[in-house]
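Student: Okay, predicted coordinates and the sequence, questions at the end:
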Amino acid sequence: MKRIKFVGLDVHAETIAVAVAEQDGEARSVGVIPNRDECVRKLVKKLGPAEELHFCYEAGPTGYVLYWQLTALGAKCEGVAPTLVPVRVGDRVKTDRRDALKLARS
């Protein structure tokens, strides 16, 4: 049985905040990596087989190149409209780490 990991990415021009949610619901922040090809390849290798990884990122101008990188490595990747990411009432603190965790849980 495949153990699918859901990976949320908050993508910027220079950095990518990464969070992983397991199938059992546990989500954790992995950290921040530079937005470079070799760093993305290392991330995929570190997290497990590409076939078991499902990536998502907030759609925007900096994420589209990342989509092509991840699909070329064999992973599934989806862009999510920022307005469709669920937000709790009163949750106004917006950080890259929290955004990545929300995406991974979604």
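Tutor: All right, it came through fine.

Student: Next one: L43, what pLDDT does it get?
Tutor: pLDDT for L43: 95.

Student: Please list all residues in contact with the closest residue in space to it that isn't next to it in sequence.
Tutor: Nearest residue to L43 in three dimensions, chain neighbours excluded: I33, at 5.9 Å (C-beta to C-beta, 6 or more residues apart in numbering). Glycine gets a C-beta too; all of them are placed from N, C-alpha and C. Applying C-beta atoms under 8 Å, 6 or more residues apart in numbering to I33 gives the contacts 15-16, 18, 39-40, 42-43.

Student: Out of those, which two sit at the greatest distance?
Tutor: By the measure C-beta to C-beta, T15 and K42 form the most distant pair in the contacts of I33, at 14.5 Å.

Student: The two: which has the busier surroundings?
Tutor: Neighbour count, other C-beta atoms under 10 Å: between T15 and K42, T15 has more, with 17 against 12.
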